[in-house]
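Trainee: no FASTA, just this:
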């Protein structure tokens, strides 16, 4: 089985789809000859040609705008937004146009586009290279928002996204590109080499959008996490000796609420983790849905562990990051409750 | 030239008188006339005999630099045609243009009245600028994809879309192809190469450029033609469109319909008063044409030129269609609140229907009697079509749209949370 890090897995997904389907085009800032600032498209232009993988002007609204038009004309564009922090100029094109085209035309026109963009902190990116804007997109009807936490899922989910006939926002936790991250920036960096989820089959396979990944099957507490926080959750639960039921949500919209409901009804306790700011974060949606469905099974108040309601600071990156201590406190609190 | 359309306002003169170390004062442009004024456009010399030359459609974009600030005209007010741009089209096609302009106008009139009677929530007329849509459409192939704004209904009329379906869309009734999902006039007719209209202005310009890029990628013969009013050229999307069209030499036409008014804001608000909208294309290295939008033959000629350029690999052209919005922005607007009521009548470029009629009569291909018959038959067609459309429901009675269809077409396949909400809605209905 080939070993890949997350970048390689994403590149492999693009390569597989571009080889299979000449309608798949890849473009964005610096993605062509150079292969992208994170190297996710390295070599694709050489393999598939200038017309299939190319550079765009620095114009996120333009990038998503042409993607919509291309998709309406039968192509399967995969657009890269260099950092999620730069996605806001494209917000109108995503929220008002891509997500609504099918609805407002009653299926006459559709926009099967995939937008890839790196999210999250952990690389000293400060306010403009660290954001997790997922909640701004899960609020949009007509759009799907997904986020893998490992190379295996990244490849399978990206292929599924490209094949999906609806617009999909594919968020890439950049701290996980090279290896799992357990929340301690001072610990030696781990790579995906040798990791089970770094084993990525060659060729075509999909990981269906809409299904959470069930990581462990403990009965003490349910932990709902996605992206980087999946790994922090695993480490903290293990260190605390908890038999946790951890769900890597993977797909935020659509949400695998059945898996969540089943788990919380079993454990009676629920902790929700995300890196994004707290107020109106996706955790609020999760907490609301859990209490709607599992109120009488709950043994303790639902806990949210999140970034603070500040911009993502530079020097104070690890003070902002919802690391092991914050997660541990929440787990202790919910276990005592 | 642009300066001919520019008026030095009182505010501007006052500015010049101010003194002090900082000579800069906040300048807010104002239209020359407001309600109560007697509008006078006699200072605008309508170019009669000096239409710019017609260069080869594959010329260097730079050769169209002057075209961005002059005005392509074919028909004089007396009906004579002249200059390089006279299109080689038959009287039959000209009569088609006349009919489509008249039919569009008749439909607009009827729908406006019906909105006032409460049959629909909203309507938008294109009165005074029908020649832009009709002339443009006539010069394109039916497979070319239009990315329209809300005032291009003339294109649908010209392409033979079902007027009944258009009316049912406005009535949001059981015959509405969009199942009541969109407000009136925001049509979608893929089968007629007419992209779904967005109510967010300017957004579709860049999408049309993307559509054209895909067409080029597929080695298809089809081009895209995208529309904006002059007001929405102030959106970033307009810049995206020009920039991407230039970078990738997209086979498309970018149309700015300058009808002088963006709801209540005159064109100087969108762009300042210094340059034409066509000239926006010059800096991007695009071919630029500025055309008398009330002259359907000139619109045809400019479109034909730009379409040939796009199809033969010459890239995009920016066309400014210089026209005038005779009616309010929509049924929710009252133009007498911000411009003189007589302004549409004194606008010096005439009416597109009258001008084409004059030309056809001059060349012996039309007469007053046939014209009266045409107007009457358009009215009759519209009246009868409307009757059959309204029979399928309307907003003042029963729209007869199935409410449950609101849960459809959000995604290709229904997602579990939407299914659940549909069940909740069903209970609410019980």
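Mentor: Thanks, I have it. The structure presented is a predicted model; accordingly, all values stated were derived computationally and were not measured.
Trainee: domains of the chain?
Mentor: Here I'm looking at chain A. Structural domains annotated on chain A: A:6-198, A:213-336, as defined by automatic domain parsing.
Trainee: looking at chain B here, not the other one
Mentor: B:50-390, B:406-430.
Trainee: mean neighbour count, mean pLDDT and distance to residue A:91 added to those, as a markdown table?
Mentor: All C-beta atoms are positioned from the backbone trio N, CA, C, and that covers glycine. Putting those into a markdown table (neighbours: other Cβ atoms under 10 Å in any protein chain shown; pLDDT from 0 to 100; distance: least, Cβ to Cβ, whole Å) gives the following:
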| stretch | mean neighbour count | mean pLDDT | distance to residue A:91 |
| --- | --- | --- | --- |
| domain B:50-390 | 21 | 97 | 11 |
| domain B:406-430 | 13 | 96 | 19 |
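Trainee: my read is residue B:290 is in a helix, agree?
Mentor: No - assigned with DSSP: H, G, I helix; E, B strand; the rest coil, residue B:290 falls outside any helix and is strand.
Trainee: how far away is the closest residue to it other than its chain neighbours from chain A?
Mentor: Excluding its sequence neighbours, the residue lying closest to residue B:290 (Cβ to Cβ, 6 or more residues apart in numbering or on different chains) is residue B:278, at 4.1 Å. Residue B:278 is 21 Å from chain A, where distance means Cβ to the nearest Cβ, to the nearest Å.
Trainee: I figured residue B:339 hits residue B:261, correct?
Mentor: Yes - here residue B:339 reaches residue B:261: they are 7.1 Å apart, a contact under Cβ atoms under 8 Å.
Trainee: next, the contact list for residue B:72, please.
Mentor: Contact partners of residue B:72, counting by Cβ atoms under 8 Å, 6 or more residues apart in numbering or on different chains, are B:51-52, B:85, B:289-292, B:298, B:301-302.
Trainee: ok, for it, nearest residue in space, not its chain neighbours?
Mentor: Per Cβ to Cβ, 6+ apart, closest to residue B:72 is residue B:291, 4.4 Å.
Trainee: try residue A:242
Mentor: Nearest non-adjacent residue to residue A:242, counting by Cβ to Cβ, 6+ apart: residue A:220, 4.9 Å away.
Trainee: on the pLDDT front, check that neighbour for me.
Mentor: For residue A:220, the pLDDT comes out at 96.
Trainee: just checking, it touches residue A:270?
Mentor: No - the pair residue A:220 / residue A:270 is not scored as a contact, 11.3 Å apart, by Cβ under 8 Å.
Trainee: these two - which one has more neighbours?
Mentor: residue A:270 (28 against 18; other Cβ atoms under 10 Å in any protein chain shown).
Trainee: in this structure that one contacts residue A:221, no?
Mentor: Yes - Residue A:270 is within contact range of residue A:221, at 7.2 Å (criterion: Cβ under 8 Å).
Trainee: common neighbours of those two, please.
Mentor: Joint contacts of residue A:270 and residue A:221 (Cβ under 8 Å, 6+ apart) are residue A:334.
Trainee: picking up where we left off before, between the domains of chain A, which one is closest to residue B:251.
Mentor: domain A:6-198 (11.6 Å; Cβ to Cβ).
Trainee: show me where the chain has strands.
Mentor: With no chain named, the answer covers chain A. Chain-ordered strands for chain A, with DSSP state E as the definition, fall at A:24-28, A:53-55, A:76-80, A:114-119, A:144-146, A:168-173, A:213-214, A:221-225, A:244-248, A:251-253, A:270-273, A:303-305.
Trainee: looking at chain B here, not the other one
Mentor: With DSSP E as the criterion, chain B has strands at B:145-147, B:224-229, B:252-258, B:261-262, B:265-266, B:287-292, B:317-322.
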